[in-house]
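Enquirer: Sequence and predicted model, in that order:
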Amino acid sequence: MAENLTPEQVVEQIETKFNEKMSGMAKKSDIQELKSDIDSLKGLTEKSQAIETAIAGFEAKLEAMAEKSKKENPKRLGNIGDQVVKGYEGQLEAIKGGKSIELNIKADTTITGDYTGNIALSTLEAGVNRIARQVPKLRQVVNVGTTISKFVTYIQQTLISSASFVAEAGVKTEGELKYQEVSKEVKKVAGLIKVSKEMLEDLNFVRNEINVDLLATLEDQIENGILNGTGVGANLEGLLTTAPTFAAGTFAASVPQANIADVIRVAVANIQASKFTPTHVVLNPVDVAKMQLTKTSVGEYTYPIFYVDNLTGEPKVAELTCVSTTWMTAGNFLVGDMSKSNIRMREDMNISVGYVNDDFQRNMVSILAEARLVHYVKANDVNAFCKGVIATCITAINKP
């Protein structure tokens, strides 16, 4: 691997080589060169998930190229005349001397039987068709940090000082400051699968696929926990468990023809009244579509469908960036200042391989993926969030 290139640049170079070689007929030297490039990537001590995925894809492509090369470079047998001469060249002198020989010629043969299966007739397409997963989005917008302890402890203010205007020589207002410690416990998320050693050895792509899939499963559970975690037992403390429920307040029965965008705007006002500035709204993709497709009685859109965040490409509403995720139940919403949502990683996502119980005897391997983290909203910051059921909130603010 060139010293002045990053792993990502090397991946790009290898991809270019594959495209060039696969456009024609790959030689044995081409396949060996590509294998050497892949081995250099596999030899990296630290590889990102993207690099691991690229390696698996390259190995599948290489296998397909090797198989294609065998099929498209058959051994040349020559024409019938060549074969006759080759088969009877030892008897040519007898023929020249006027002697006759017996020549057996087989009749033309056509394969008329059935062939079961497609393996010998197919070319392996690179990559694996994976089951679709929700793209993790919440972890990208919350406040992420690290911790080296089992508990994260912070100091919370419980009483603030006071002051007032007083006349000359008047008695000054006396106040008091109070604080307390609050601790949040780190939780573990893990997944394990068993696979035979033969499978790992015989199928080149399986090892990388297992790693990628296990890590994606952990990512799914973390994303779900950030939003929906109950905080009970081993579960993360989720935003929907912490956030206060929507209250119409002064907006009760006062908004003509109220819709979902109006509900979000009222939630923003309530959060701002608590002295916070919300940044995001979390919605199910179905509700994002409903919001964008809402029209007036004459067919005009009530909200511009093209209004998106320039950095993320996500829709915006009431100056908030929309987080569209299937982890949010359709018909519900969450508005909040995501900088007040805290993740602290005690142990980042990692994979371990070993034997469990009778794995060794059965020639099996256990592959474990796990991570340790804590998610919390500090007690003085809970009013930076607001949750609710969309239909209920529309009814609460709609003007009869």
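Expert: Ah, there it is.
Enquirer: Where does pLDDT dip in the chain?
Expert: For the chain, the stretches flagged by pLDDT under 70 are 1-4, 22-26, 67-122, 124, 202-205, 304-306.
Enquirer: Can you tell me the SS state at residue 152?
Expert: Put simply, residue 152 is strand when judged by DSSP: H, G, I helix; E, B strand; the rest coil.
Enquirer: could you measure the most centrally placed residue in the chain against residue 281, distance?
Expert: Against the mean C-alpha coordinate of the chain, by Cα atoms, centre = their mean, the closest residue is residue 135 at 4.9 Å. Taken as Cβ to Cβ, to the nearest Å, the spacing of residue 135 relative to residue 281 amounts to 17 Å. Quick note: C-beta positions are derived from backbone N, CA and C, even for glycine.
Enquirer: buried sites along stretch 357-374?
Expert: 364-365, 367, 369-374 (16 or more other Cβ atoms under 10 Å).
Enquirer: In strands, which of those appear?
Expert: 364-365, 367, 369-374 (DSSP state E).
Enquirer: just to revisit the earlier point, I'd like the buried residues of stretch 357-374 laid out as CSV, including distance to residue 27.
Expert: Output for these, formatted as CSV (distance: Cβ to Cβ, whole Å):
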residue, distance to residue 27
364, 40
365, 36
367, 37
369, 40
370, 45
371, 45
372, 50
373, 50
374, 55
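Enquirer: Tell me the one among these nearest to residue 200.
Expert: Closest approach between the buried residues of stretch 357-374 and residue 200, by Cβ to Cβ: residue 365, at 6.6 Å.
Enquirer: so who does that closest one touch?
Expert: 194-197, 200, 353-355, 359 (Cβ atoms under 8 Å, 6 or more residues apart in numbering).
Enquirer: ok, what's across the strand from it?
Expert: Counting by DSSP bridges, residue 365 forms beta bridges with residue 195.
Enquirer: ok, it to residue 165 distance?
Expert: The value you get for residue 365 to residue 165, if Cβ to Cβ is used, is 74 Å.
Enquirer: now do residue 228
Expert: Taking Cβ to Cβ, one finds residue 228 at 48 Å from residue 165.
Enquirer: which residues of this structure fall in strands?
Expert: 143-146, 151-159, 178-185, 187-196, 280-283, 316-317, 320-324, 332-336, 342-354, 364-376, 385-389.
Enquirer: for these, which one sits closest to residue 52?
Expert: Once the strands of the chain are compared by Cβ to Cβ, strand 342-354 is nearest, at 10.0 Å.
Enquirer: Name the residues of the closest one that come out as buried.
Expert: For strand 342-354, by 16+ other Cβ under 10 Å, it's 342-346, 349.
Enquirer: before we move on, what about stretch 48-68?
Expert: 51-65.
Enquirer: go on, stretch 301-311?
Expert: So, applying 16+ other Cβ under 10 Å, buried residues of stretch 301-311: residue 303.
Enquirer: starting at the chain centroid, how far to that stretch?
Expert: Distance of stretch 301-311 from the chain centroid (Cα atoms, centre = their mean, to the nearest Å) equals 25 Å.
Enquirer: can you give me the end-to-end distance of it?
Expert: 24 Å (Cα to Cα, to the nearest Å).
Enquirer: try stretch 251-267
Expert: With Cα to Cα as the measure, stretch 251-267 spans 10 Å from end to end.
Enquirer: got the end-to-end distance for stretch 296-315?
Expert: End to end - Cα to Cα - stretch 296-315 spans 20 Å.
Enquirer: contacts for it?
Expert: Contacts of stretch 296-315 (Cβ under 8 Å, 6+ apart): 259, 261, 288, 291-295, 316-317, 321-324.
Enquirer: switch to 10 Å and redo it
Expert: 137, 140-141, 257, 259-262, 280-281, 283, 288-289, 291-295, 316-318, 320-324 (Cβ atoms under 10 Å, 6 or more residues apart in numbering).
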